[in-house]
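Undergrad: need a structure here:
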Amino acid sequence: AALTVRFLTRRFIGEYGDMEFIYSHNLTVDGREILFHIWDVPSSQEQAEDGSSEEKRIQWADSFVLVYSICDRASFDILPLKIQFIKAAKEGQSQEKVPIVIVGNKRDLHHQRVVSSEEGRLLALSLDCGFYEVSAAE
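TA: Modelled structure (predicted):
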C-alpha cells in the first residue's frame with residue numbers, strides 16, 4: 001500500500017491497515033495519456049481468501065507488480081507460487097506473455113535486509129519477470 005500511495009500522491013505514509021483498494025490514476029507516458037486502475041491487495045488478505053477471489057483479480061488485471069519486503073523472507077518466498085498461479089491463469093488463455101514485475105521494497109532498511117538484491121534479480125530472471133528494488137519511504 002505504501003508503494004501504491006507513493007506512486008499516486010508522491011507522499012509516504014508509513015502505516016496502513018489490511019484494506020483492499022482499487023485506485024484510478026491518469027498519467028502521461030511517452031506523450032500518451034494512460035489511465036491506470038490499481039487493485040492493491042495486502043498479502044495478509046490474500047492468504048485468508050479462497051482461490052476464486054485471487055482468480056478474479058488475476059483475470060481483471062493486464063499486468064502485475066508483486067511487492068515483497070527485503071526485510072521479510074516469507075514475503076519473498078511466496079513469490080514463485082504466486083507467479084506460477086498468475087501465469088497459469090493468464091497465459092493458459094492466450095499465447096501472450098503476461099507482464100510481471102517483482103519489486104523489493106524497503107531498500108532504505110538495508111541494515112534489516114534478509115533478502116539480497118542478487119536473490120531478487122535471480123528469481124526474476126528465472127521466472128522471466130522484471131525486477132526493481134525501491135524504497136517507498138525515500
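Undergrad: in this structure, which residue is most central in space?
TA: Averaging the C-alpha coordinates of the chain gives a centre point, and the residue nearest to it by C-alpha atoms, centre = their mean is Leu66 (2.1 Å).
Undergrad: distance from the chain centre to the helix or strand containing it, please.
TA: For Leu66, the element it lies in under DSSP states H and E is strand 64-69. Its chain's C-alpha centre lies 3 Å from the corresponding centre of strand 64-69 when counted by C-alpha atoms, centre = their mean, to the nearest Å.
Undergrad: also stretch 63-75?
TA: Shown here is stretch 63-75, whose average C-alpha point lies 7 Å from the average C-alpha point of the whole chain (C-alpha atoms, centre = their mean).
Undergrad: now do the same end-to-end measure for that stretch.
TA: 20 Å (C-alpha to C-alpha, to the nearest Å).
Undergrad: show me what counts as buried in it.
TA: Along stretch 63-75, these residues count as buried under the neighbour rule (16 or more other C-beta atoms under 10 Å): 64-72, 75. (Glycine included, C-beta is placed from N, CA and C.)
Undergrad: contacting residues for Leu27?
TA: Taking C-beta atoms under 8 Å, 6 or more residues apart in numbering as the contact definition, Leu27 lies against 33-34, 36.
Undergrad: make that Ile58, sorry
TA: Contact partners of Ile58, counting by C-beta under 8 Å, 6+ apart, are 64, 85-86, 89-90.
Undergrad: among these, name the buried ones.
TA: With neighbours counted by 16+ other C-beta under 10 Å, these contain buried members at 64, 86, 89-90.
Undergrad: just give me the closest of those to Ser126.
TA: Relative to Ser126, the closest of the buried ones among the contacts of Ile58 is Ile86; by C-beta to C-beta it sits at 15.0 Å.
Undergrad: contacts for the helix or strand harbouring the closest one, please.
TA: With secondary structure defined by DSSP H and E, Ile86 is part of helix 79-91. Helix 79-91 is contacted by residues 54-55, 58-59, 64, 66, 68, 97-98, 100, 102, 123, 127, 129 when judged by C-beta under 8 Å, 6+ apart.
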